[in-house]
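# Quick one: sequence and predicted model below, then my questions.
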Amino acid sequence: MHILITGGAGFIGSHVVRHFVSAHPDCRITNLDSLTYAGNLENLKDIERKPNYRFVRGDITDRAFIGSLFDENRFDGVIHLAAESHVDRSIASPLQFVLTNVVGTVNLLDAARSCWNGDFVGKRFYHISTDEVYGSLGSEGMFTEETPYDPHSPYSASKASSDHFVRAWHDTYGLPAVISNCSNNYGPYQFPEKLIPLFINNILLKKPLPVYGKGENVRDWLWVIDHAAAIDLIYHEGKNGETYNIGGHNEWKNIDLILLLCDIMDRKLGREPGESAELITYVTDRAGHDLRYAIDSGKLQRELGWSPSIRFEEGLERTVEWYLANQEWLDKVTSGAYMEYYETMYH
């Protein structure tokens, strides 16, 4: 079995690559990543010399390159995580999100269809998406696999579009495909533009903690290692043509999460209680900011037996401990020095 994992140098992707390389030593894993700002091969130093792993640098928006890659490797499966994912960046540069998230996905779908040429036995295309495609919730209810799509940002609109193309390739061409939509991920190796690692770094440096609006937006938080395990389960046991929602059952208001993070950081750094919370600064709310996301993972639990392994309070504590123990990694990421690792390793 030879599986292509796209975006495998990113935050979630690196955890998925590590999981598959370690859990399936008889399976060859090719990690394809273009190494844009969020792709960091240092995330995978512990497995980069494993015999069943290799890295290829390339861009999923390059149709000819993707076609050649499939022709040369005859992949049995695709786990597609490569995406532009930060909402603020999508507001500033929406076209890049359309190119990567929509055109890139279609390039992969068509390359898989051409490569497999109707022989779909043992083949699978797995597309990883987001709960943001469903829009925003009020104070009640949860997103299910039947929730109508209602994206509100260029990012979520691009992911919604890519989801539709995956379903179209399944329904039109019979491509064996599955989709999962996940809630906010957190854990080690996350690029510090996202809330938790950004605030950890700012607290370390005693810089302001910018909170949108009043901090009342609610998110469901998923431990990234639990997400990787769910992806493995869905890839091997999910049903073609189906969608599976993956959530952490951990709803938190942003401001409550931030206050908890400040308390943990004060304790870990030996600071006075409340010292880090004094860094909180309220800023103008993000355009089109969804109020609340909440994922119902009941289908995944009922049909495949998955459930989260960790409560958010424990996961957040372990995340903080990882960043404090890996400040060199954090310094390299924030300074841009991590970009040099590819040149050092692959010339």
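Okay, I see it.

# What does Val320 show for phi and psi?
Main-chain torsions, Val320, degrees, to the nearest 10: phi -60, psi -50.

# Who's the closest spatial neighbour of it, skipping the chain neighbours?
Nearest residue to Val320, sequence neighbours excluded (CB to CB, 6 or more residues apart in numbering): Ile264, at 5.1 Å. Using the backbone N, CA and C atoms, a C-beta is placed for each residue, glycine as well.

# CA-only coordinates of the lowest-mean-pLDDT helix or strand in the chain in PDB, if you can.
Every helix and strand in the chain was compared by mean pLDDT, DSSP states H and E; the lowest is helix 340-346, with a mean of 78. Extracted C-alpha coordinates of helix 340-346, given in PDB (Å, rounded to 0.1, in the frame of the first residue of the first chain):
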ATOM      1  CA  GLU A 340      16.400  26.700   6.200                       C
ATOM      2  CA  TYR A 341      15.800  23.100   7.300                       C
ATOM      3  CA  TYR A 342      14.800  21.900   3.900                       C
ATOM      4  CA  GLU A 343      17.900  23.300   2.200                       C
ATOM      5  CA  THR A 344      20.100  21.700   4.900                       C
ATOM      6  CA  MET A 345      18.400  18.200   4.600                       C
ATOM      7  CA  TYR A 346      17.500  18.100   0.900                       C
END
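
# show me where the stretch 201-347 of the chain has helices.
224-237, 254-269, 298-304, 312-325, 327-335, 340-346 (DSSP state H, counting those that start in this stretch).

# on contacts alone, who are the packing partners of the second one?
Okay, so that is helix 254-269. In this structure, helix 254-269 makes packing contacts with helix 195-205, strand 209-212, strand 218-223, helix 312-325, judged by 3 or more CB pairs under 8 Å, 6 or more residues apart in numbering; DSSP states H and E.

# which SS state does the most centrally placed residue in the chain fall under?
By CA atoms, centre = their mean, the chain has its centre lying nearest to Ile12, at 4.1 Å. When classified by DSSP: H, G, I helix; E, B strand; the rest coil, Ile12 comes out as helix.

# picking up where we left off before, quick one: the residue nearest to Val320 and Glu317 touch, right?
Yes: between Ile264 and Glu317 there is a contact under CB atoms under 8 Å: 5.8 Å.

# between these two, which one's more packed in?
Ile264 (20 against 16; other CB atoms under 10 Å).

# which residues touch that one?
Ile264 makes contacts with Leu316, Glu317, Val320, as judged by CB atoms under 8 Å, 6 or more residues apart in numbering.

# Would you convert the residues you listed into JSON lines that also reports distance to Tyr155?
Written out in JSON lines, the entries for these read as follows (distance: CB to CB, whole Å):
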{"residue": "Leu316", "distance to Tyr155": "24"}
{"residue": "Glu317", "distance to Tyr155": "29"}
{"residue": "Val320", "distance to Tyr155": "27"}
